[in-house]
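Novice: Below is the structure, and that's it, no one-letter string:
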């Protein structure tokens with residue numbers, strides 16, 4: 001009886017798993033770029049129109065900057081910052097917001113010596129280790145306008161007006177501007193005692209975080225997003241009743257200016273914002289009154305008269321706001337706002353044969369240098385497949401260069417809408433295209 005052959009052990013096949021996108025982070029794909037470009041271009045017109053200068057800020061800062069500026073007992077500093085120890089550099093943090101960095105730069109570069117107020121604009125990524133949810137990412141992009149060095153309430157109004165006009169210009173005119181005053185540290189002290197007294201009687205109904213806030217940071221009780229805590233907020237004392245004469249006068253002036261400028265707003269006595277550096281005027285811009293809630297706020301800001309001094313500078317007033325790009329884009333999509341498509345390709349350059357391919361590559365560079373938006377598919381040899389792609393891209397014209405055209409020194413121009421073709425001198429291609437595109441735009 002023949003011996004049974006031993007079965008060879010099966011080899012373990014190891015499959016290399018592709019790296020996954022980190023939770024709370026997002027890729028911005030090609031089809032979304034039109035939204036980003038549209039917002040950046042619109043913001044750029046406001047930067048120049050309102051006389052701001054752009055500042056580039058580092059992503060990493062000393063942890064102490066944010067702990068002092070934002071507040072050690074805020075949710076951002078306690079739970080949400082990406083902080084780590086760096087060899088020889090101590091504790092550093094990926095910026096969770098940019099106003100503190102702007103204030104640090106103001107001190108670092110002696111901007112106190114510049115004509116005041118100093119008007120600065122920024123754009124870039126921020127980082128917070130929050131629970132990812134709709135419209136909230138751990139890496140998100142903000143732009144911001146900051147005006148440092150002037151205490152006049154007209155500054156507050158101008159920033160609110162700028163923000164309102166921006167949203168109006170991008171097609172989101174039905175926004176709700178929420179406005180409040182949280183006073184100064186002096187008048188807030190009395191209000192804080194009254195607020196604690198109210199919430200102590202409701203302690204059993206508070207969420208666990210708010211029970212801690214009751215001791216550490218009572219103003220944050222008004223900023224809680226939990227439904228139970230939101231209900232309690234309705235009967236809480238209002239800070240506007242505790243403002244001293246100076247803070248009250250400042251806020252009245254802001255409101256009067258808004259009324260005169262016919263800027264729509266809602267007085268929200270419970271709006272406090274989530275950062276400790278704010279004083280006096282605070283505001284947020286929500287999608288609409290029907291979609292209320294700071295979780296969906298597209299922009300927010302206010303006055304921060306004590307921030308510069310808090311982080312080591314001279315006493316210097318300041319005010320500003322920031323806006324979240326991802327949330328704005330979400331609203332543009334939801335409201336089906338049509339985004340201008342001025343960067344769409346105008347011309348498709350098709351070719352057949354090696355000689356035509358070479359001449360087409362030279363022509364492509366000439367067209368590009370003349371700011372004609374031209375696309376191609378030099379790797380394809382089939383004219384049919386190239387024209388199908390031209391149709392898909394929606395180009396107005398197709399240039400067709402084959403072996404015969406190379407010999408004759410000509411090129412075909414095809415109107416993609418009508419299908420009409422004409423033969424022209426190859427050397428006149430650029431001028432002829434410019435004429436046709438100019439005529440097309442006036443039709």
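Specialist: Ah, there it is. Source: prediction; values computed, not measured.
Novice: C-alpha only now, for contacts and for neighbours.
Specialist: OK.
Novice: Now do stretch 179-189: everything it contacts.
Specialist: 239-240, 242-244, 247-248, 251, 265-272, 278-284 (CA atoms under 8 Å, 6 or more residues apart in numbering).
Novice: Ok, stretch 278-287 next?
Specialist: Counting by CA under 8 Å, 6+ apart, 156, 160, 172, 174-185, 247, 250-251, 271-273, 292-294, 296-307, 331 sit against stretch 278-287.
Novice: in that stretch, what's buried?
Specialist: Neighbour counts over stretch 278-287 (16 or more other CA atoms under 10 Å) mark 278-287 as buried.
Novice: and what of stretch 44-62?
Specialist: 46-47, 52, 57, 59, 61-62.
Novice: coming back round to it: which members of the buried residues of stretch 278-287 occur in helices, if any?
Specialist: Among the buried residues of stretch 278-287, no member falls in helices (DSSP state H).
Novice: Tell me the one among those residues nearest to residue 107.
Specialist: residue 278 (18.3 Å; CA to CA).
Novice: any idea how far that closest one lies from residue 60?
Specialist: 23 Å (CA to CA, to the nearest Å).
Novice: Show me where the stretch 101-250 of the chain has its helices.
Specialist: 153-169, 185-200, 208-216, 227-233, 245-260 (DSSP state H, counting those that start in this stretch).
Novice: okay if I get the ones you listed as TSV plus distance to residue 351?
Specialist: Output for these, formatted as TSV (distance: least, CA to CA, whole Å):
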stretch	distance to residue 351
helix 153-169	42
helix 185-200	72
helix 208-216	66
helix 227-233	64
helix 245-260	60
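Novice: So, low pLDDT: which residues of the stretch 101-250 of the chain?
Specialist: Filtered on pLDDT under 70, the stretch 101-250 of the chain yields no residues whatsoever.
Novice: give me every residue that touches residue 229.
Specialist: Counting by CA under 8 Å, 6+ apart, residue 229 has contacts 205-207, 221.
Novice: if we take the residues you listed, which one ends up nearest to residue 351?
Specialist: residue 221 (67.2 Å).
Novice: related to what we said a few turns ago, deepest of the helices of the stretch 101-250 of the chain, which one?
Specialist: Most buried of these by mean neighbour count (mean count of other CA atoms under 10 Å) is helix 153-169; its value is a mean of 19.
Novice: And the residue positioned nearest the centre of the chain, its phi and psi?
Specialist: Centroid-nearest residue in the chain: residue 325, 2.4 Å away (criterion: CA atoms, centre = their mean). Taking degrees, to the nearest 10, you get phi -60, psi -50 for the backbone angles of residue 325.
Novice: my guess is it contacts residue 142, does it?
Specialist: Yes - if you go by CA atoms under 8 Å, residue 325 and residue 142 touch, sitting 5.8 Å apart.
Novice: sorry, back to before: of all the buried residues of stretch 278-287, which comes closest to residue 437?
Specialist: The closest of the buried residues of stretch 278-287 to residue 437 turns out to be residue 287 (CA to CA; 38.9 Å).
Novice: Please tell me how far the closest one sits from residue 298.
Specialist: 7 Å.
Novice: And for residue 184?
Specialist: Residue 184 is 25 Å from residue 298, by CA to CA.
Novice: same thing with residue 372?
Specialist: In terms of CA to CA, residue 372 sits 36 Å off from residue 298.
Novice: And the two? Which one has more around it.
Specialist: Higher neighbour count among residue 372 and residue 298: residue 298, with 24 against 18, using other CA atoms under 10 Å.
Novice: How many neighbouring residues does residue 65 have?
Specialist: Quick note: residue 65 (other CA under 10 Å) scores 20 neighbours.
Novice: quick revisit: export the buried residues of stretch 278-287 to JSON lines and tack on distance to residue 344 and pLDDT?
Specialist: As requested, the buried residues of stretch 278-287 are exported to JSON lines (distance: CA to CA, whole Å; pLDDT from 0 to 100):
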{"residue": "278", "distance to residue 344": "43", "pLDDT": "93"}
{"residue": "279", "distance to residue 344": "46", "pLDDT": "94"}
{"residue": "280", "distance to residue 344": "46", "pLDDT": "95"}
{"residue": "281", "distance to residue 344": "43", "pLDDT": "97"}
{"residue": "282", "distance to residue 344": "40", "pLDDT": "96"}
{"residue": "283", "distance to residue 344": "37", "pLDDT": "97"}
{"residue": "284", "distance to residue 344": "35", "pLDDT": "96"}
{"residue": "285", "distance to residue 344": "32", "pLDDT": "96"}
{"residue": "286", "distance to residue 344": "32", "pLDDT": "93"}
{"residue": "287", "distance to residue 344": "29", "pLDDT": "91"}
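Novice: Considering these, which is situated nearest to residue 349?
Specialist: residue 287 (43.6 Å).
Novice: Check what pLDDT residue 7 gets.
Specialist: pLDDT recorded at residue 7 is 58.
Novice: what do you get for residue 88?
Specialist: 77.
Novice: Tell me if I am right that it is in a helix.
Specialist: No - counting by DSSP: H, G, I helix; E, B strand; the rest coil, residue 88 is located in no helix; its state is coil.
Novice: quick one: contacts for it?
Specialist: With CA under 8 Å, 6+ apart, residue 88 has no contacts at all.
Novice: what sits against residue 426?
Specialist: 409-411.
Novice: whoops, I mixed them up, residue 100
Specialist: With CA under 8 Å, 6+ apart, residue 100 has these contacts: 65-66, 69-70, 307.
Novice: tell me which of these is nearest to residue 133?
Specialist: The closest of the contacts of residue 100, once distances to residue 133 are taken by CA to CA, is residue 70, at 23.1 Å.
Novice: contacting residues for the closest one?
Specialist: 76-77, 100, 275-277.
Novice: how about CSV for those, with secondary structure, distance to residue 196 and pLDDT added?
Specialist: Below are the contacts of residue 70 laid out as CSV (DSSP: H, G, I helix; E, B strand; the rest coil; distance: CA to CA, whole Å; pLDDT from 0 to 100):
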residue, secondary structure, distance to residue 196, pLDDT
76, helix, 22, 87
77, helix, 22, 88
100, helix, 28, 96
275, coil, 19, 81
276, coil, 17, 83
277, coil, 20, 90
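Novice: Save those as JSON lines, and put in distance to residue 380 too.
Specialist: Formatted as JSON lines, the contacts of residue 70 follow (distance: CA to CA, whole Å):
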{"residue": "76", "distance to residue 380": "53"}
{"residue": "77", "distance to residue 380": "55"}
{"residue": "100", "distance to residue 380": "53"}
{"residue": "275", "distance to residue 380": "56"}
{"residue": "276", "distance to residue 380": "60"}
{"residue": "277", "distance to residue 380": "59"}
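Novice: Much appreciated, bye for now.
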